[in-house]
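>>> task: produce atomic coordinates for the following.
(one chain, ligands or ions: 1)
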Amino acid sequence: MEDLDTPVLDNHLHLDPDHGRGMAAVDDFARLGGTHLLVVNKPSWHLGDLPTDRESFRHVFETTIGVVAAASERLDGRAWPVLGVHPGLVSHLVDDGHSPEAARDLMQAGLDLAAEYVADGRALALKSGRPHYEVEDAVWDASNAVMRHAFSLGADHDCAVQLHTEASDDLTEVAAWAEAEGLDRTRVVKHYAGGELAGPIPSVMSEKDRLAVAAASDAPFLMETDFVDDPDRPGAVLGPKTVPRRVRWLLEEGHDEAVHRAHVETPELVYGVDTTATL
Ligand SMILES: [Zn+2]
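Sure thing, here's the model as predicted:
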């Protein structure tokens, strides 16, 4: 086991012990010096049929919680679940014959269930967002309504919301919506982000060029891989060793302060977690 002498958090990845690498991916992460994981539930349609009601989401949430418990046993630190509804679900539902409004209501119901897990202390944060691809206006409006519902749940339950959105370095309008719902913008995280972002906190994809930008700024940021753990898409995203490897590289480049910012200060700011206490 390598020891990088710092907490090392991957802020967004997926684990699928049934079809993917599962705990072997966690072991790879830990062996290179990784200590903490935020595990996001897979899109619900990957684990079965399209949801029909709020209870349809329970199975994927329970699966993720089980995976997190197993992962925590293999880490020096721990893992936490992030539960929610993938924004791409709106298109699957509309293609299946739902109106955008019916899709909105179903996705909001799934978020309501995810928020119950947060309220019970079984999940750390919520996941929402809007499609990263072009959609018709009614679908876009429905998606924005779903995202705003997630913000209001985050405010009610005092938890962060991770977002999947279009590629952008300026989401100030979205951050203002969060604050209108009562959720501070420091508790809104854009997953798959570049090195700088106006509005929410960026969870930076751990490529060197993006990280160099984030490290050189003095703004809060997180690091992630979006590892999908899908054997059908082996090269789709970064692997589970990437965050610890990039932390080693940042330290070699003299960016000790940026490593502390991404793995200690920003997790405390966004999620209220102490990544040093559990080591
Ligand atoms: Zn993801």
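>>> double-check Leu106 against Pro51; I have them as touching.
Yes. Look at Leu106 against Pro51 with Cβ atoms under 8 Å: they come within range, at 6.2 Å. C-betas here are computed from N, CA, C, even on glycine.
>>> need the contact list for the residue lying closest to Ala119 once chain neighbours are set aside.
Spatial nearest neighbour of Ala119, excluding adjacent residues (Cβ to Cβ, 6 or more residues apart in numbering): His157 at 5.3 Å. When contacts are counted by Cβ atoms under 8 Å, 6 or more residues apart in numbering, His157 touches 115, 118-119.
>>> gap between His157 and Leu126?
For His157, the distance to Leu126 equals 8 Å [Cβ to Cβ, to the nearest Å].
>>> cool, and Leu279?
From Leu279 to Leu126 the distance is 26 Å (Cβ to Cβ).
>>> where does the stretch 1-150 of the chain have low pLDDT?
For the stretch 1-150 of the chain, applying pLDDT under 70 flags the ranges 46-48.
>>> hey, where'd the strands end up in it?
Listed in chain order, the strands of the stretch 1-150 of the chain (DSSP state E, counting those that start in this stretch) span 9-13, 36-40, 79-84, 125-129.
>>> run me through the strand neighbours of the second one, direction for each.
When pairs are called by DSSP bridges, strand 36-40 turns out to pair with strand 9-13 (parallel), strand 79-84 (parallel).
>>> tell me the buried residues in that strand?
Buried positions in strand 36-40, judged by neighbour count with 16 or more other Cβ atoms under 10 Å: 36-40.
>>> let me see the ranges of the helices in the stretch 51-200 of the chain.
Listed in chain order, the helices of the stretch 51-200 of the chain (DSSP state H, counting those that start in this stretch) span 58-72, 89-95, 100-119, 137-157, 172-180.
>>> for Glu265, which of those helices is the nearest?
Nearest to Glu265, of all those, is helix 172-180, at 19.1 Å by Cβ to Cβ.
>>> and the contacts of the closest one?
Contact with helix 172-180 is made by 144, 147-148, 151, 154, 161, 163, 165, 184-185, 187-188, 198-200, as judged by Cβ under 8 Å, 6+ apart.
>>> and these, which of them are buried?
Buried residues within the contacts of helix 172-180, counting neighbours by 16+ other Cβ under 10 Å: 144, 147-148, 151, 154, 161, 163, 165, 185, 187-188, 199-200.
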